[in-house]
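>>> Return a 3D structure for these sequence lines:
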Amino acid sequence: MTPPRRQSARHRTAVLATVPAAVAALLGAAAPTAPGTGAPGAGDPYFPLSGNGGYDVRHYDLTLRYDTTSRRLDATAVLSARATQRLTRFDLDLKGLKVSAVTVDRTPAAFRRDGQELVVTPRHALKAGHEFRVAVAYHGTPKPVTDPDGSADGWIPTDDGAFVAGEPQGPMTWFPVNGHPKDKASYDFTITVPKGRTAVANGVLLGQRTAHGRTTFRWRETQPMAAYLATATIGTFRVEQYTTRDGVQVYNAVDAREARAAGPVLKKLPSVLEWESKLFGPYPFRAAGAIVDHAPDVGYALETQTRPVYDRAPDLGTLVHESAHQWFGDSVSLTAWKDIWLNEGFATYAEWLYDEQHGGRSAQQSFDALYARPASDGLWAYPPGDPGSGARIFGTPVYARGAMALHELRRTVGDRDFFRILRAWADGHRGGHGTTAQFVRLAEEKSGKQLKELFHTWLYTRGKPNSA
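Model (predicted):
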């Protein structure tokens, strides 16, 4: 994500995805409030009600019909899941929309609303290990949530459709979800919009058909995806499609009002992905591209999986940043929101590396310019390794000081080992999750050096650290 511009920064046939056993254990770890009851949250201290306990979603099949004039959404979500404990009741995250029916394994289930929770009681208890399907029919006018930093996320209406960007809380504004990044799944999207509008989601476009004044788009993302990275952005777009030399299917959708500014930058996307693949390892998905909307009130871009969504024409640095997230944040995802620097610090450092290798200033110069800031500067206000909930997770320390931590690592271990570490991290956790502790262990293993003090200083110490 590129941080909101108000912070004066440049940036912010169904296939069931497998989830590592360790992640499934994490999903079941949130203690239920009563025997047989799935917990209403996944146990993340930053967002206590994000996600749910007791089950693991393998696949979402979302059928959406959106009227861009009335802004009404009529939808059905079918979740294929596995119980990680005995369940007599479980929760889904869903905010603001009206539910008309719920079934579990095609049998009507009782349900009630409790704030952002949709509480489902199946007719028969689900045994631990049981694979089940939940179907939810719902409708209404989706509205975004307002994050602690004042930015909106989720389903954000625009003058010609919707800008859909879900970090960190937004998925629940448009579909029932186990909304914590720990629970990744594959997705199918069937989105029907008025003729003349385009609906863009994640993965590969399977097809589109126009009839009776409406067009239906079918998208599929087979790789595991955190819910906040899902999109269903709708607008009046100019579409460009092609395949890269590596066989990646590119789909760009650009609002005409942004086309002139976006065109020269998007032409660089294949070369940016090729450059990042050389540094970080093979591109992790079958599809790529960009959604460039005209949404000036949003104030940020987001690395929605396979196809980042931009609120306006991006500059090259933003394109590099959001593309780097496909490795760091999308393929390798968070286990807890406190480790957000693993996403943003890495993507920011990718910008520094791109500048360094394309005739701009060196990464050392980028580091030095930041380090020159006085101890009273907001850059040093809190540690990026555990910034605290609220606005801090998208604050300057997470992005800039996170990148500085990586540069200190590079200076300590040398270029050869540093780039080996980055590739090993992306490869070893591909399609899964990671934690800061795991990254530190990997860095020590690959370099043969003791690095805990370095990471403690740059990630967890308050105030301005001493630089080596």
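>>> And the helix or strand that contains K278, how far out from the chain middle?
Assessed by DSSP states H and E, K278 sits inside helix 269-280. Helix 269-280 sits 20 Å away from the centroid of its parent chain (C-alpha atoms, centre = their mean, to the nearest Å).
>>> Now do it, average pLDDT.
Averaging pLDDT along helix 269-280 yields 98.
>>> what's it in contact with?
Helix 269-280 is contacted from outside by 244-246, 248, 250, 252, 283, 288-290, 319-320, 323-324, 326-328, 350, 353-354, 357, 419, 422-423, 426, using C-beta atoms under 8 Å, 6 or more residues apart in numbering. For glycine as for every other residue, the C-beta is placed from the backbone atoms N, C-alpha and C.
>>> can you list the weak-confidence ranges in the stretch 101-250 of the chain?
Residue ranges of the stretch 101-250 of the chain with pLDDT under 70: none are present.
>>> in it, which spans are strands?
107-108, 110-114, 117-121, 131-140, 145-146, 152-158, 161-165, 185-194, 198-200, 204-211, 214-225, 233-235, 237-243, 249-255 (DSSP state E, counting those that start in this stretch).
>>> okay, now the domains of the chain?
Annotated domains of the chain cover 5-33+60-73+142-324, 333-460 [automatic domain parsing].
>>> could these be laid out in JSON lines, adding distance to T103 and mean neighbour count?
Converted to JSON lines, those look like this (distance: least, C-beta to C-beta, whole Å; neighbours: other C-beta atoms under 10 Å):
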{"stretch": "domain 5-33+60-73+142-324", "distance to T103": "12", "mean neighbour count": "20"}
{"stretch": "domain 333-460", "distance to T103": "30", "mean neighbour count": "19"}
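>>> Would you format the ones you listed as CSV with distance to D91 included?
Below are the domains of the chain laid out as CSV (distance: least, C-beta to C-beta, whole Å):
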stretch, distance to D91
domain 5-33+60-73+142-324, 9
domain 333-460, 19
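>>> For F90, find the nearest of those domains.
When those are compared by C-beta to C-beta, domain 5-33+60-73+142-324 sits nearest F90, at 9.2 Å.
>>> Show me the helices in this protein, by range?
21-27, 259-266, 269-280, 316-324, 341-357, 363-371, 396, 402-413, 415-428, 436-447, 452-455 (DSSP state H).
>>> circling back to that earlier point, out of the strands of the stretch 101-250 of the chain, nearest to Y55?
Closest among the strands of the stretch 101-250 of the chain, using C-beta to C-beta: strand 131-140, at 8.0 Å.
>>> Identify the residues contacting the closest one?
So strand 131-140 is contacted by 58, 72-83, 92, 94, 96-106, 109, 118, 120, 122, 126, 176 (C-beta under 8 Å, 6+ apart).
>>> And the buried ones among these, selectable in ChimeraX?
Of the contacts of strand 131-140, the buried ones can be selected in ChimeraX as follows, counting by 16 or more other C-beta atoms under 10 Å:
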select :58,73,75,76,77,78,79,80,81,82,83,92,94,96,97,99,102,103,104,109,118,120,122,126,176
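>>> Check what pLDDT T436 gets.
98.
>>> can you check H429 too?
So H429 comes in at 98 (pLDDT).
>>> Equivalent analysis for G36, please.
Reported pLDDT for G36: 82.
>>> Let me see the contact set for the residue found closest to it once you drop the neighbours it is linked to in the chain.
Excluding the flanking residues, the one nearest G36 by C-beta to C-beta, 6 or more residues apart in numbering is T88, at 3.8 Å. Residues near T88 by C-beta under 8 Å, 6+ apart: G36, T37, T121, P122, A125, L126.
>>> run the last query once more with 10 Å
P32, A34, P35, G36, T37, G38, G54, T121, P122, H124, A125, L126 (C-beta atoms under 10 Å, 6 or more residues apart in numbering).
>>> Against K127, how distant is it?
Distance from T88 to K127, counting by C-beta to C-beta, to the nearest Å: 11 Å.
>>> now G432
In terms of C-beta to C-beta, G432 sits 26 Å off from K127.
>>> what's the answer for G263, then?
G263 is 55 Å from K127, by C-beta to C-beta.
>>> Among the contacts of T88, find me the one that's closest to D153.
Nearest to D153 among the contacts of T88, with distances taken as C-beta to C-beta, is G38, at 24.8 Å.
>>> didn't that closest one look like it was pressed against V57?
No - using C-beta atoms under 10 Å, G38 makes no contact with V57, being 11.9 Å away.
>>> These two: which is more packed in?
G38 (28 against 25; other C-beta atoms under 10 Å).
>>> follow-up on the earlier one: any chance of the helices of the chain in a markdown table, with distance to D153 too?
Output for the helices of the chain, formatted as a markdown table (distance: least, C-beta to C-beta, whole Å):
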| stretch | distance to D153 |
| --- | --- |
| helix 21-27 | 23 |
| helix 259-266 | 22 |
| helix 269-280 | 24 |
| helix 316-324 | 15 |
| helix 341-357 | 15 |
| helix 363-371 | 27 |
| helix 396 | 19 |
| helix 402-413 | 21 |
| helix 415-428 | 26 |
| helix 436-447 | 24 |
| helix 452-455 | 29 |
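>>> Which pLDDT value goes with N466?
87.
>>> which residue sits closest to it, ignoring its sequence neighbours?
N466 sits nearest to T457 (C-beta to C-beta, 6+ apart), 7.6 Å away.
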